[in-house]
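**Student:** pasting the sequence and the predicted coordinates here, then a few questions.
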2 protein chains.
Amino acid sequence: MVERGSTGVPGGRRKQRVSMADVAKLAGVSSQTVSRVSNGYPGVISSTREQVLSAMRDLGYRPNSAARALRYGQFNTIGVILFSLSSTGNSRTVEAIATHAAAEGYAITLIPIDVPTQDNVLGAFTRMGELAVDAVIVIMEIHLLDTGTVQLPPGVHVVVVDSDAGDRYSVVDTDQADGTRKAVSHLLDLGHRTVWHVTGPETSFAGQRRTQAWRTVLEEAGRPVPPPLHGDWSAESGYAAGLTLAEEPDCTAVFAANDQMALGLLRAFHERGLRVPADISVVGFDDIPDAAFFVPPLTTVHQDFAEVGRRCVQDALQQIRTRGDSKPGTDLVPTRLVVRHSTAAPPEGRR
Amino acid sequence: MVERGSTGVPGGRRKQRVSMADVAKLAGVSSQTVSRVSNGYPGVISSTREQVLSAMRDLGYRPNSAARALRYGQFNTIGVILFSLSSTGNSRTVEAIATHAAAEGYAITLIPIDVPTQDNVLGAFTRMGELAVDAVIVIMEIHLLDTGTVQLPPGVHVVVVDSDAGDRYSVVDTDQADGTRKAVSHLLDLGHRTVWHVTGPETSFAGQRRTQAWRTVLEEAGRPVPPPLHGDWSAESGYAAGLTLAEEPDCTAVFAANDQMALGLLRAFHERGLRVPADISVVGFDDIPDAAFFVPPLTTVHQDFAEVGRRCVQDALQQIRTRGDSKPGTDLVPTRLVVRHSTAAPPEGRR
DNA sequence: GCCCCGCATGTTTACGTAAACATGGCCTGT
DNA sequence: ACAGGCCATGTTTACGTAAACATGCGGGGC
């Protein structure tokens, strides 16, 4: 079982992999002709081509991508650096990236950072330089990298998600501010005096932006700005915030920075005997597939992760093809408010 | 932009990448010495080493992984083929795979198959052969591959998740049967006469196994086996099943093949005025992070995706290191029943 | 004092591919 | 009929790295 490969060298340890030279020998042509057939180049007569193809089949020839990469100077691979695949948003973005990259003939290499310490991030970026990638998509708050020690290797193109480094890198992101505006305005339009807020973690740029936009909308409307409650994206943190909010008699509407925290809110309110939406309205962010099946179905801001992924790949390929000549900029993907049954007018006398 | 010539051409576009030869020239040594320094080999005097390191820094040298891979005949990369990252299970398994692989110095290349047709699968496996990977982890229903047309390229080591191809490939999976047994027995122990079931899609091996085990447990206990309701993993399909089950007066306990469908059940029962668990008990499978925050918190079977991922990597590396000498086998990861508040004894007179 | 050994470093080569250049035969146009 | 050109195919070379082999110098043992 140790020996693999194909040519019938009796007894001896066979060659690990079949090369063009092997195919060429069997087909009775030069390796260059094999190369031409392999790449579908013209200028090979059909009988020769058939012979070569047949030899390839017989030997189980597969091109060696390392040699190709060496020859061409590029790898047809895009690296994706991220903290976690656990969040719906990240995993769906990565999925879209992988799909679109595959359609363009690029593979995806995943570089996870389990614990987002400075050292780990630094390490990931250092390894990155040695990895076989033509471009890197970074899905995280790039500020973690701004302390000066880290610099991306030159010659590696970068696209950033969930960050604001638009002046230095190409940025693709959901339009957090606009989505938040839709959510908060929806609640105000229903007649709520103000809107409370459960934030995402401070390390998240997306979270920061949502909180910032929430504050701005309230201020522009001349409404009081309640103290935000701090969450970390998890349903558990939303639950904790919900227990606190249940004690606030003034609170009739809550904007959670993501759907999972909204789920925690729903459970907390249910436990405390608050009816959603009769007593209190809840809006989330993301529109995860489950949101339509929460009790009650959640009104939330739909993010188009697939589109984010698509644009990431597009930008990355653009940079690769222009060799970085394209200028950095920010590419915002629009959102959409999905109204379900977790929002309604505030109860009488509380608006 | 076409030229990629030598260093120091004033005004000219510099070489894209720095090679050992460049470092060697600057340091005044041979490229072999640079190689030795780069790989931490002994036999380089410290003053020379310092000079080389300094030159590396100055030029921003990074080893070319394509050349390395070509030289060594391996890529230090593991490919992961999957249908979707959308499911919690897959994304968490992939995350664990990526983390453990990184710890071993391996990178992960993702090969998504957006639509699981025979052709696409075939295509993915064909491309796979050309990709720069030393092993492949397949996360999907292997039955699709058993029709004979598809065969993995020889020389690529394979580990399969969610399948029963244990005789041909190395398999790692959650112990579906045992988890199901725990779930169903829990409900029977509470006093329910029998347990209804919402299945996963037929294409899923994991789903099939859960349904099979559910039936077995009931039969062994001498209980009637109600007709299973067919789901597709989505909360929506669970919701549809829930609406049907709400009309079944005999139904006091349901085992959903995953948590999302259980979520759909909860909503359907809530809408129909059935109290969970007072009127009807629900058990899920997976223990997604949100399950603890459903209304009510869901009793479910915990799957250790991280462990599945870890063992996948372990098996893959084992195969790479032994060159496939290790025999295929099935490696089952145990589950754990997490009892929350969606299960209770059946209502009086209905047990 | 001479020879040999070992150590630091240099030189050659091969990994598999494909561009660039080379060759040779046949067809076409006059 | 002959020259020129084009087409199918072969040969050479370079991509960046590292193993294998080569070199040359200094020091220790006799």
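**Tutor:** Yep, that arrived. Please read these numbers as outputs of a predicted model, since none were measured by experiment.
**Student:** interface residues of the stretch 101-250 of chain A facing chain B?
**Tutor:** By CB under 8 Å from any CB of the partner chain, the part of the stretch 101-250 of chain A that sits against chain B consists of A:102, A:107-112, A:114, A:129-132, A:153-155, A:234-236, A:238-239. Yep, even glycine has a C-beta here, placed from its N, CA and C like the rest.
**Student:** just those residues: which are in helices?
**Tutor:** Among these, DSSP state H puts A:102, A:129-130, A:235-236, A:238-239 in helices.
**Student:** got a PyMOL select line for the buried ones in the residues you listed?
**Tutor:** Buried subset of those, written as a PyMOL selection, criterion 16 or more other CB atoms under 10 Å in any protein chain shown:
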select buried, chain A and resi 102+129+235+236+238+239
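**Student:** just send the ones in helices among the residues of the stretch 101-250 of chain A next to chain B back as TSV, with pLDDT and distance to residue B:223 too.
**Tutor:** Formatted as TSV, those follow (pLDDT from 0 to 100; distance: CB to CB, whole Å):
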residue	pLDDT	distance to residue B:223
A:102	88	47
A:129	69	61
A:130	72	59
A:235	96	34
A:236	96	36
A:238	97	39
A:239	97	36
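**Student:** mind checking how far residue A:306 is from residue B:246?
**Tutor:** 34 Å (CB to CB, to the nearest Å).
**Student:** downstream of the top helix by length along chain A, the next helix or strand is which one?
**Tutor:** If you go by DSSP H, chain A has its longest helix at helix A:305-322. On the C-terminal side of helix A:305-322, the closest following helix or strand by DSSP states H and E is strand A:330-333.
**Student:** hmm, who's touching the next helix or strand after that next one?
**Tutor:** Counting by DSSP H and E, the next helix or strand C-terminal to strand A:330-333 is strand A:336-338. For strand A:336-338, contacts defined as CB atoms under 8 Å, 6 or more residues apart in numbering or on different chains pick out A:179, A:182-183, A:186, A:287, A:291, A:299-302, A:304.
**Student:** out of the ones in helices among the residues of the stretch 101-250 of chain A next to chain B, the closest to residue B:70 would be?
**Tutor:** Within those, proximity to residue B:70 (CB to CB) peaks at residue A:130, which comes in at 14.9 Å.
**Student:** quick one: that closest one and residue B:65 touch, right?
**Tutor:** Yes. The pair residue A:130 / residue B:65 is scored as a contact, 5.9 Å apart, by CB atoms under 8 Å.
**Student:** before we move on, the earlier item: what's the farthest-apart pair in the ones in helices among the residues of the stretch 101-250 of chain A next to chain B?
**Tutor:** Between any two of these, the greatest separation by CB to CB is 43.1 Å, found for A:130 and A:239.
**Student:** pLDDT weak spots in chain A?
**Tutor:** Across chain A, the ranges flagged by pLDDT under 70 are A:1-16, A:116, A:129, A:142-155, A:166, A:324, A:349-351.
**Student:** what parts of it come near DNA strand C?
**Tutor:** Contacts of chain A with DNA strand C, taken as CB under 7 Å from any atom of the strand, map to A:15-17, A:19-21, A:31-32, A:35, A:38-39, A:41, A:63-64, A:67-68, A:70-72.
**Student:** got the end-to-end distance for stretch A:221-234?
**Tutor:** 30 Å (CA to CA, to the nearest Å).
**Student:** got it, and stretch A:274-287?
**Tutor:** 23 Å.
**Student:** any residue of that stretch touching chain B?
**Tutor:** No. Against chain B, stretch A:274-287 shows no contacts by CB under 8 Å from any CB, the least distance being 10.1 Å.
**Student:** okay, among the contacts of strand A:336-338, which ones form the most distant pair?
**Tutor:** The widest separation within these (CB to CB) is 18.5 Å, between A:186 and A:304.
**Student:** any idea where the strands of the stretch 151-300 of chain A begin and end?
**Tutor:** With DSSP state E, counting those that start in this stretch as the criterion, the stretch 151-300 of chain A has strands at A:157-161, A:170-174, A:196-199, A:229-230, A:253-256, A:281-286, A:299-302.
**Student:** would JSON lines of these with mean neighbour count be doable?
**Tutor:** Formatted as JSON lines, the strands of the stretch 151-300 of chain A follow (neighbours: other CB atoms under 10 Å in any protein chain shown):
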{"stretch": "strand A:157-161", "mean neighbour count": "26"}
{"stretch": "strand A:170-174", "mean neighbour count": "25"}
{"stretch": "strand A:196-199", "mean neighbour count": "26"}
{"stretch": "strand A:229-230", "mean neighbour count": "19"}
{"stretch": "strand A:253-256", "mean neighbour count": "30"}
{"stretch": "strand A:281-286", "mean neighbour count": "29"}
{"stretch": "strand A:299-302", "mean neighbour count": "25"}
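**Student:** out of those strands, which gets nearest to residue B:259?
**Tutor:** Here strand A:281-286 is closest among the strands of the stretch 151-300 of chain A (CB to CB), at 17.6 Å.
**Student:** neighbouring contacts of the closest one?
**Tutor:** Counting by CB under 8 Å, 6+ apart, A:88-89, A:179-180, A:183-184, A:186-187, A:190, A:192, A:210, A:252-263, A:265-266, A:269, A:276, A:291, A:298-303, A:342-344, A:346 sit against strand A:281-286.
**Student:** partner strands of it, parallel or antiparallel?
**Tutor:** strand A:253-256 (parallel), strand A:299-302 (parallel) (DSSP bridges).
**Student:** columns distance to DNA strand D on top of these, output as CSV?
**Tutor:** Shown next, in CSV, are these (distance: least, CB to the nearest atom of the strand, whole Å):
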stretch, distance to DNA strand D
strand A:253-256, 49
strand A:299-302, 46
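**Student:** for the ones you listed, give me CSV that also has distance to residue B:224.
**Tutor:** Formatted as CSV, the strands paired with strand A:281-286 follow (distance: least, CB to CB, whole Å):
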stretch, distance to residue B:224
strand A:253-256, 44
strand A:299-302, 41
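**Student:** looking at residue A:306 and residue B:246, which one has more neighbours?
**Tutor:** Comparing residue A:306 with residue B:246 by other CB atoms under 10 Å in any protein chain shown, the one with more neighbours is residue B:246, at 19 against 16.
**Student:** would you confirm that the more buried one contacts residue B:272?
**Tutor:** Yes. Counting by CB under 8 Å, residue B:246 touches residue B:272, with 3.9 Å between them.
**Student:** what segments of chain A are helices?
**Tutor:** Ranges of helices in chain A, per DSSP H, are A:20-27, A:31-38, A:46-59, A:65-72, A:88-103, A:118-130, A:176-189, A:205-220, A:235-245, A:259-271, A:305-322.
**Student:** most tightly packed of these?
**Tutor:** helix A:259-271 (a mean of 27; mean count of other CB atoms under 10 Å in any protein chain shown).
**Student:** quickly list what the nearest residue to residue A:187 once chain neighbours are set aside is bridged to.
**Tutor:** Nearest non-adjacent residue to residue A:187, counting by CB to CB, 6 or more residues apart in numbering or on different chains: residue A:253, 4.3 Å away. In this entry, residue A:253 is beta-bridged to residue A:281, by DSSP bridges.
**Student:** tell me the contacts of residue A:253?
**Tutor:** So residue A:253 contacts A:187, A:190, A:192, A:194-196, A:280-283, A:343, A:346 (CB under 8 Å, 6+ apart).
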